[in-house]
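[1] have a look at this fold, sequence not included:
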Ligand code: BGC
């Protein structure tokens with residue numbers, strides 16, 4: 001039996017101090033508009049979250065991360081922010097935010113908010129000011145305005161395309177063009193502008209002063225751009241190296257100067273405020289820069305999210321990520337689902353990609369979600385096994401609302417009810433867009449919106465949601481919800497130093513490791529049952545019969 005060890009320096013001291021609460025936290029992502037609707041207007045709200053604090057507490061998570069709840073026209077689900085220091089009146093008020101934060105804190109749950117620094121919305125007061133101001137004015141310099149090409153500037157400054165389809169430049173009344181990496185309603189900030197930098201520091205302090213414990217930083221790798229010289233064409237841009245820190249549009253080295261400034265602000269607080277970067281960068285070592293203690297401190301790894309349910313893929317990813325964490329001094333993050341991707345119960349119920357390029361689940365969503373192509377129960381079984389494995393790993397576990405109910409992706413949303421700009425703008429971003437994982441949660445098995453609110457829901461919920469309701473699952477000892485609850489409670493009890501030792505029993509379909517204190521984990525990715533090693537089973541994702549762990553299941557036990 002070979003033993004491999006991934007050891008984090010000073011792991012014990014790191015984990016125990018109050019300022020390091022995040023290192024091995026279970027963080028639950030709330031998409032506020034789809035979580036719980038307290039006033040029956042069909043849109044989830046902050047009071048809805050406050051009302052669900054007992055549920056969150058019983059789930060056993062350490063923190064919630066709230067996707068944007070700021071005033072917004074919802075051109076991109078709230079990632080188009082009108083005002084970074086306020087609450088969308090449809091979602092609540094600052095007073096409601098304070099009430100919610102107090103209730104979460106009283107329940108022992110930390111609060112992380114989403115900061116969207118690459119772009120504002122086109123309704124932001126500074127963008128409105130820029131539109132009203134003349135070319136070359138200071139107001140325009142807060143964004144990326146440029147003259148167009150062609151005899152009269154009638155052509156965009158470059159042929160770049162935006163992330164959700166269409167051109168990346170939009171022309172304004174006086175003929176100039178502004179840059180938007182995402183929709184035209186999301187103009188990119190110019191981070192060379194000192195006022196922009198100052199204003200974000202003000203925003204960070206605003207929320208930190210209100211008691212927020214941390215920040216999730218949206219597209220953290222895109223802020224700094226080099227638009228000084230002649231702009232390259234889209235083709236030239238595509239050919240450029242994205243991992244040298246010199247690409248004109250992404251992951252430029254200078255972006256870390258911004259986060260060094262932010263770090264100073266985080267460290268003004270006791271405990272220091274936490275931050276996690278969303279940075280889809282090319283290599284793990286580029287990602288590590290965002291996770292440095294002089295910068296944001298932690299970065300999402302989406303490696304597991306992109307993988308099949310496959311032992312060797314999981315093993316390689318886990319080993320690599322633990323090693324990267326060891327080098328940065330941060331902790332690893334594990335994510336299967338979020339508001340941007342097809343839910344993992346669904347991904348694992350589809351044909352695996354097996355190395356084919358592409359984003360898992362997207363083809364199926366694009367095909368309209370044919371039920372016959374989806375192994376509904378198998379997907380949930382594999383998702384439970386994968387989640388139980390992930391919850392035993394050193395580092396932070398990020399969970400997305402509804403995964404604790406075993407929810408599948410909703411693929412059959414009629415075109416006239418869809419909201420995601422990637423659907424309307426024809427991008428290949430995620431098949432038919434990302435609405436399918438943002439459908440309001442089923443709290444009850446019946447009622448106008450399955451207990452989400454007193455009336456309807458802003459995205460249509462399918463009939464099959466009735467079988468996934470939280471209230472039904474609460475009462476069922478064998479439910480997915482109760483598996484999550486038990487696992488999260490046990491995780492608290494068992495978690496110690498950030499180390500893991502692989503055990504290798506020669507079966508390629510099995511991953512086995514031990515955490516300090518004798519916390520032993522076996523994940524069977526194959527379909528045949530396997531003998532469990534000696535010991536007391538603490539929890540398993542599927543029933544154990546005669547000492548055997550069934551196929552596609554994970555168990556935790558003590559030797
Ligand atoms: C967010 C998306 C959003 C995009 C633009 C992302 O990475 O997670 O939901 O559409 O940033 O803000």
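    Yep, it's here. From a predicted model like this one, the values you see are computed outputs, not experimental measurements.
[2] which residues does the closest residue to residue 519 other than its chain neighbours contact?
    Residue nearest to residue 519 in three dimensions, not counting chain neighbours: residue 494, with 4.5 Å by Cβ to Cβ, 6 or more residues apart in numbering. Placement of C-beta: from N, CA and C, glycine included. Under the criterion of Cβ atoms under 8 Å, 6 or more residues apart in numbering, the neighbours of residue 494 are 515, 517, 519, 538, 556.
[3] of the residues you listed, which is the most crowded?
    Among the contacts of residue 494, the one with the most neighbours (other Cβ atoms under 10 Å) is residue 556, at 26 neighbours.
[4] name the SS class of that one, please.
    Under the three-state scheme (DSSP: H, G, I helix; E, B strand; the rest coil), residue 556 adopts strand.
[5] in this structure it contacts residue 517, no?
    No: judged on Cβ atoms under 8 Å, residue 556 makes no contact with residue 517 at a distance of 11.7 Å.
[6] just the pLDDT for the residue nearest to residue 519.
    pLDDT, residue 494: 96.
[7] same thing with residue 524?
    Predicted confidence (pLDDT) for residue 524: 98.
[8] quick check: bridge partners of it?
    Per DSSP bridges, the residues bridged to residue 524 are residue 510, residue 553.
[9] what's around it, how many residues?
    Other residues near residue 524 come to 27 when the count uses other Cβ under 10 Å.
[10] show me what contacts it?
    385, 509, 510, 530, 549, 550, 551, 552, 553, 554.
[11] just the pLDDT for whatever residue of the stretch 301-450 of the chain ends up closest to the ligand.
    Nearest to the ligand, among the residues of the stretch 301-450 of the chain, is residue 340, at 4.8 Å (Cβ to the nearest ligand atom). The model reports residue 340 with a pLDDT of 94.
[12] excluding residues flanking it in the chain, which one is nearest it?
    Spatial nearest neighbour of residue 340, chain neighbours left out: residue 434 (5.5 Å); criterion: Cβ to Cβ, 6+ apart.
[13] can you check residue 489 too?
    residue 60 (4.9 Å).
[14] any idea how far residue 26 is from the one you found?
    Note on residue 60: its distance to residue 26, by Cβ to Cβ, to the nearest Å, is 7 Å.
[15] which residues do the two both contact?
    Common neighbours of residue 60 and residue 26 are listed as 488, 491 (criterion: Cβ under 8 Å, 6+ apart).
[16] just for the chain, where's the confidence low?
    For the chain, the stretches with pLDDT under 70 are 1-16, 427-431.
[17] who touches residue 93 in this structure?
    The contact partners of residue 93, taken as Cβ under 8 Å, 6+ apart, are 46, 87.
[18] element containing the residue located most distally from the centre of the chain?
    No residue in the chain sits farther from the centre than residue 151, which is 44.5 Å out by Cα atoms, centre = their mean. Under the criterion DSSP states H and E, no helix or strand holds residue 151.
[19] quick check: phi and psi on it?
    Per-residue torsions, residue 151: phi -50, psi -40 (degrees, to the nearest 10).
[20] now the closest residue to residue 138 other than its chain neighbours: how far from the ligand?
    Distance criterion Cβ to Cβ, 6+ apart; nearest residue to residue 138, sequence neighbours excluded, is residue 195 at 7.9 Å. Plainly put, residue 195 is 21 Å away from the ligand if you go by Cβ to the nearest ligand atom, to the nearest Å.
[21] wait, isn't residue 195 in contact with residue 143?
    No: using Cβ under 8 Å, residue 195 is not in contact with residue 143; the gap is 11.2 Å.
[22] so for the two, which sits in the more crowded spot?
    Remark: of residue 195 and residue 143, residue 143 carries more neighbours, 24 against 14, as counted by other Cβ under 10 Å.
[23] quick one: residue 490 is in a strand?
    No: with three-state DSSP as the criterion, residue 490 is helix rather than part of a strand.
[24] from the ligand, how far out is it?
    The spacing between residue 490 and the ligand, counted by Cβ to the nearest ligand atom, is 30 Å.
[25] residue 538 is in contact with that residue, correct?
    Yes: in this structure residue 490 lies within contact range of residue 538 using Cβ under 8 Å: 5.9 Å.
[26] shared neighbours of those two, anything?
    Common neighbours of residue 490 and residue 538 (Cβ under 8 Å, 6+ apart) are residue 556.
[27] residue 29 - how many residues pack around it?
    If we define neighbours as other Cβ under 10 Å, then residue 29 has 24 of them.
[28] so it lies in a strand, does it not?
    Yes: remark: residue 29 belongs to a strand, assigned using three-state DSSP.
[29] which residues are in contact with it?
    64, 65, 66, 67, 338, 339, 398, 399, 400, 401 are the contacts of residue 29 under Cβ under 8 Å, 6+ apart.
[30] I figured the last one hits residue 30, correct?
    Yes: taking contacts as Cβ under 8 Å, residue 401 lies within contact range of residue 30: 5.5 Å.
[31] who's more crowded, these two?
    The residue with more neighbours, out of residue 401 and residue 30, is residue 401; 27 against 24, by other Cβ under 10 Å.
[32] now the residue in the chain positioned nearest to the ligand. Nearest residue, chain neighbours left out?
    Here the chain gets closest to the ligand at one residue, residue 79, 3.3 Å apart by Cβ to the nearest ligand atom. With Cβ to Cβ, 6+ apart as the criterion, residue 79 has its nearest non-adjacent residue at 5.5 Å, and that residue is residue 116.
[33] got the residues of the stretch 201-350 of the chain near the ligand?
    218, 219, 278, 339, 340 (Cβ under 6 Å from any ligand atom).
[34] the same query, at a cut-off of 5 Å, please.
    For the stretch 201-350 of the chain, the residues in contact with the ligand (Cβ under 5 Å from any ligand atom) are 218, 219, 340.
[35] do the same with the chain
    So the chain meets the ligand at 76, 79, 182, 218, 219, 340 (Cβ under 5 Å from any ligand atom).
[36] neighbours of the residue nearest to residue 79, just the number please.
    Neighbourhood size, residue 116 [other Cβ under 10 Å]: 25.
[37] could you chop the chain up by domain?
    Annotated domains of the chain cover 21-118+194-484, 119-188, 504-558 [automatic domain parsing].
[38] any chance you could map the helices in the stretch 201-350 of the chain?
    Counting by DSSP state H, counting those that start in this stretch, the stretch 201-350 of the chain has helices at residues 234-239, 255-266, 284-290, 303-306, 311-328, 344-347.
[39] with mean neighbour count as added columns, please give those helices in JSON lines.
    Formatted as JSON lines, the helices of the stretch 201-350 of the chain follow (neighbours: other Cβ atoms under 10 Å):
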{"stretch": "helix 234-239", "mean neighbour count": "11"}
{"stretch": "helix 255-266", "mean neighbour count": "18"}
{"stretch": "helix 284-290", "mean neighbour count": "20"}
{"stretch": "helix 303-306", "mean neighbour count": "20"}
{"stretch": "helix 311-328", "mean neighbour count": "19"}
{"stretch": "helix 344-347", "mean neighbour count": "29"}
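[40] for residue 133, which of those is the nearest?
    Of all those, it is helix 255-266 that lies closest to residue 133, at 24.7 Å by Cβ to Cβ.
[41] distance from the chain centre to that closest one, please.
    Computed by Cα atoms, centre = their mean, to the nearest Å, the separation of helix 255-266 from the middle of its chain amounts to 21 Å.
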